[in-house]
Every structure is written in C-alpha cells, then in structure tokens.
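J.: what follows is a predicted structure for the sequence shown.
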Amino acid sequence: MAPGFFITFEGLDGSGKTTQMRRLQAWLTAEGRTVTSLRQPGGTALGDRIRGILLDSRSETALGGITPLAELALMFADRAQAIAEVIRPALERGDVVLCDRYTDSSEAYQGGGRELGAARVLALHRAICEDLQPDLTVLLLPDLATSLSRARSRNLRHVQHTGADENRFEREDDAFYQRIYDAYEAIAAREPGRVVSIRDDAGLAVVEMRVRAVVEARLAAVALP
Ligand code: TMP
C-alpha cells in the first residue's frame, strides 16, 4: 500500500465539488500537508488534450458525435495516464492526493447517463486502473434541479466571456442527469465506507466545514510521513 492518502470529489455538474476541493486543498496546505491535486478528464498534458476532445461540443464524427463506448474509452485513457504520471507517484511520496472526479464519474455518466451499465465500467477500472481505489470519496449530491440550473448558467457565462465551448455534457436532457444522480446514489449505497455523501445544500461555508471534518477524522486515523 502506498503511504499517501487518496481523496476524490464527485457530483453532478454544478454540485460545487470543484470549489470545495479548492477550499480543502487550501486548508490542508495551511495544516502543513503536502497536497497534489488534479482533475479528470485532464491533469496531464495528454489528459488535457483528451479533455478538449471530450468536452468540445464541436467534436462531431461521422456518427454525429463521440459514441458512448469511445467516450468511456477516452475517460479511461485519461485516467490511466493520470494514475501513472501523477497519482501513483504522489501517493508513493506520501502526499494527500485530491482528484476532481475519478472512476465513479465514469460509472455515473457513462454507466448510468449513457446506459452502458456499471459492470462494464467496473471491469475497465480493474483492468486499466489496476483497481486503484480512493481512500475517501466526497460525494456532493444536492438536489438535481439546483445542480443543473447552476451548471447551465455557469456554462452560459463561460461561453459568453471566453467564447470557449466546454458544454458537451451540459447540453444533455434532464433524464440523462436523473440517471447520473441515481447511479451516484447506488455507488454511495454500495460503498458506505469509502463514499461520504453530503446531500443538502447548506451553503458553501457549512459544506466546507463538513468536508473538513470528515477529512480530518480520516487523516487522523492514518499515519502519513
Ligand atoms: P468537470 O466539468 O467536473 O471537470 O467534468 C467534466 C465533464 O466530464 C462532466 O460533465 C462529467 C464528465 N465526465 C464523465 O462523463 N465521465 C468521467 O469519467 C469523468 C471523469 C467526467
């Protein structure tokens, strides 16, 4: 077992996970911890290129778009590179690794949203990620309508300000997001030891304190170098 501690953040677009992860990183650093953080897709030079292909809604193909299986394969190609290049080396150094999305996102979005099924995603995880599991997953799951309206207005602002289009996933319909929500609930029910869900929308500062309390308790139970 690598000596570091691996924490992932999960949730729907607009759940607030990226903000919460940044706040946790600032706090951990102030506490004297060495933190490595990354996002998926992305986190490596190759991963950033894969992210561009996956999220650009102009990535049209002869079939009209990236097929669900090709999308799943690209997510895992990104993840394999990030594990080899960033995550494993950081864990071996003893860092706290914070990752904005990981395999649960593939299970929720491709397994649930795209209806490829959890079993297929988990089989890929075992084969490609050598079953590397987070020590802790913080799942932010405020109600679906709240997350969606936040994600859509944020995306609109982003496109208006930068002209950059990262909206492939935000264009999907509500049923797609309901399936993702349900898949996240199923993951949390299946793995209560790893996944801590924060469901209510208590405000940034309250959620921040809850995340911090969970992480503090888990880190106290392990001896990091
Ligand atoms: P982000 O905006 O939270 O960085 O995530 C980018 C999008 O990619 C988001 O809509 C979720 C999606 N995604 C998947 O569909 N499957 C995955 O495995 C990952 C990591 C992200």
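T.: That came through fine. Numbers count the residues shown, from 1 in each chain.
J.: the nearest residue to D13 once chain neighbours are set aside: which element?
T.: Nearest residue to D13, sequence neighbours excluded (CB to CB, 6 or more residues apart in numbering): A151, at 3.7 Å. Backbone N, C-alpha and C define where each C-beta goes, glycine included. In this structure, A151 sits in helix 144-162 according to DSSP states H and E.
J.: averaged pLDDT, that helix. What do you get?
T.: For helix 144-162, the mean per-residue pLDDT is 74.
J.: so how far is the next helix or strand after it off the chain centroid?
T.: Following helix 144-162 in sequence order, the next helix or strand is helix 174-190 (DSSP H and E). Relative to its chain's centre, helix 174-190 lies at 14 Å (CA atoms, centre = their mean, to the nearest Å).
J.: can you give the contact residues for whichever helix or strand comes after helix 174-190?
T.: For helix 174-190, the following helix or strand on the C-terminal side (DSSP H and E) is strand 195-198. Residues outside strand 195-198 that contact it (CB atoms under 8 Å, 6 or more residues apart in numbering): 10, 104, 136-141, 187-188, 207, 210-211, 214.
J.: the residue nearest the centre of the chain and E216, how far apart?
T.: The centre of the chain sits closest to R101, judged by CA atoms, centre = their mean, with a distance of 1.1 Å. Counting by CB to CB, to the nearest Å, the separation of R101 from E216 is 23 Å.
J.: tell me where this structure has helices.
T.: 17-30, 45-55, 68-82, 88-93, 103-105, 118-128, 144-162, 174-190, 204-220 (DSSP state H).
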